[in-house]
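Student: sequence and predicted model, in that order:
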Amino acid sequence: MARATWSGSISFGLVNVPVQLFTAVRSHAVRFKQLHEGTNAPVKQKRVDTETGDEVPYDEIVKGYEVDDGRYVVVDPDELAALDPERSRMIDILDFVEQADIDPIYYDRAYYLSPGGEAAAKPYRLLTEAMERAGKVAIATFVMRGNSYLAAIRARDGLLVLSTMHYADEVADPADLEVDETLGDVEVREREVAMAEQLIDSLLTDFDPTSYRDEHQERVREFLEAKAEGQDIELPTPAEQTGDVVDLVAALERSLARARGDDDGGDTRASEGGRPDYASMTRTELYELAQERQVPGRSQLNKQELVAALRSSDEEAGAA
């Protein structure tokens with residue numbers, strides 16, 4: 001059972017709603033440990049003085065802030081503690097805003113808020129239903145583990161979801177990217193924009209988060225499990241995709257033709273009967289076709305299964 005990360009109350013006007021905070025997102029990234037080659041013994045990290053090379057005991061380590069190159073200001077933990085935000089168990093709602101007004105770049109980590117006990121159920125339900133009907137997002141602040149956070153709270157499926165947010169001065173200014181030199185003299189024709197809009201419309205669908213998977217992590221896990229079982233694994237040679245576009249209009253026309261199902265992929269991709277030679281396509285190309293045709297469960301299919309599904313789609317279209 002999941003354990004609460006934080007507990008406190010939401011301050012909503014004069015109403016306090018006791019809540020518990022639970023992590024809403026769990027990383028599925030494969031993690032590795034450093035081992036000594038030959039013995040496979042875990043390798044420990046040592047704290048070493050860069051001048052003497054001696055290992056430094058933990059109780060002799062202090063915190064320092066680099067003010068110039070190689071010049072540090074040493075601070076005491078008690079000094080930092082005096083600067084910590086005032087300890088509080090309150091999530092203070094400051095404003096309500098439209099969700100569309102929040103640029104996603106400001107979102108950081110997501111948490112579920114649940115009622116903190118039986119007595120909190122009714123005020124929690126009241127706040128959740130009011131926010132669902134209003135369709136608004138609450139902007140709030142709270143303190144957790146000695147840090148002050150800005151947060152957005154929204155209602156979702158009868159629950160409150162809190163997302164910590166970056167402060168404005170933490171978000172990089174696009175002007176620092178110096179893209180003006182690249183984009184300043186670039187012009188696009190109306191026909192090109194119209195074709196790009198058609199391509200977007202042809203790929204439009206309802207968002208289904210379950211249809212997307214981290215295929216790289218799955219391949220890594222499958223490889224590690226097979227290797228742990230002593231199997232001989234033949235590793236594929238990845239084909240580098242440069243993403244270079246030689247003729248923008250031609251690329252757009254080809255993309256639109258493929259989206260409409262009019263593209264046979266060229267002479268090297270056509271099989272007997274005029275149908276595409278799916279077996280010669282990459283999995284990425286097959287998946288794009290499956291996405292255009294709304295093939296169910298496409299994200300869970302490997303290359304061979306995608307080929308079979310697309311051929312079945314051709315047969316169904318011919319029968320119709």
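Tutor: Structure's in. What do you need?
Student: buried ones in the top helix by length along the chain, by neighbour count?
Tutor: Longest helix of the chain, by residue count under DSSP state H: helix 303-319. By neighbour count with 16 or more other C-beta atoms under 10 Å, helix 303-319 contains the buried residues 303, 306-307, 309-310, 313. Every residue, glycine included, has its C-beta placed from N, CA and C.
Student: which of these lies closest to Ile139?
Tutor: Nearest to Ile139 among the buried residues of helix 303-319: Leu306, at 44.0 Å, using C-beta to C-beta.
Student: is the closest residue in space to the closest one that isn't next to it in sequence within a helix or a strand, and which one?
Tutor: Closest residue to Leu306 apart from its sequence neighbours, by C-beta to C-beta, 6 or more residues apart in numbering: Leu286 at 4.1 Å. Taking DSSP states H and E as the criterion, Leu286 maps to helix 283-292.
Student: out of the buried residues of helix 303-319, the closest to Thr39 would be?
Tutor: For these, the residue nearest Thr39 by C-beta to C-beta is Lys303; the value is 39.0 Å.
Student: now that closest one. Nearest residue, chain neighbours left out?
Tutor: Of all residues not flanking Lys303 in the chain, Arg283 sits nearest, at 4.4 Å (C-beta to C-beta, 6+ apart).
Student: same question for Gly64.
Tutor: Of all residues not flanking Gly64 in the chain, Tyr72 sits nearest, at 3.8 Å (C-beta to C-beta, 6+ apart).
Student: parallel or antiparallel, list what pairs with the strand or helix carrying the one you found.
Tutor: Here Tyr72 sits within strand 71-75, counting by DSSP H and E. Counting by DSSP bridges, the strands paired with strand 71-75 are strand 63-68 (antiparallel).
Student: residue ranges with poor pLDDT in the stretch 51-200 of the chain?
Tutor: For the stretch 51-200 of the chain, applying pLDDT under 70 flags the ranges 179-182.
Student: can you give me the strands in the stretch 101-250 of the chain?
Tutor: Along the stretch 101-250 of the chain, counting by DSSP state E, counting those that start in this stretch, strands occupy 107-115, 136-144, 147-156, 159-165.
Student: between those strands, which one is nearest to Ala259?
Tutor: strand 107-115 (30.9 Å).
Student: which other helices and strands does that closest one contact?
Tutor: Applying 3 or more C-beta pairs under 8 Å, 6 or more residues apart in numbering; DSSP states H and E, one finds that strand 107-115 contacts strand 15-23, helix 121-134, strand 159-165.
Student: report the angle between it and strand 15-23.
Tutor: Strand 107-115 runs at 120 degrees relative to strand 15-23, counting by axes from the mean of the first three to the mean of the last three C-alpha atoms, to 10 degrees.
Student: direction included, what does strand 107-115 pair up with?
Tutor: Sheet pairing for strand 107-115, using DSSP bridges, gives strand 15-23 (antiparallel), strand 159-165 (antiparallel).
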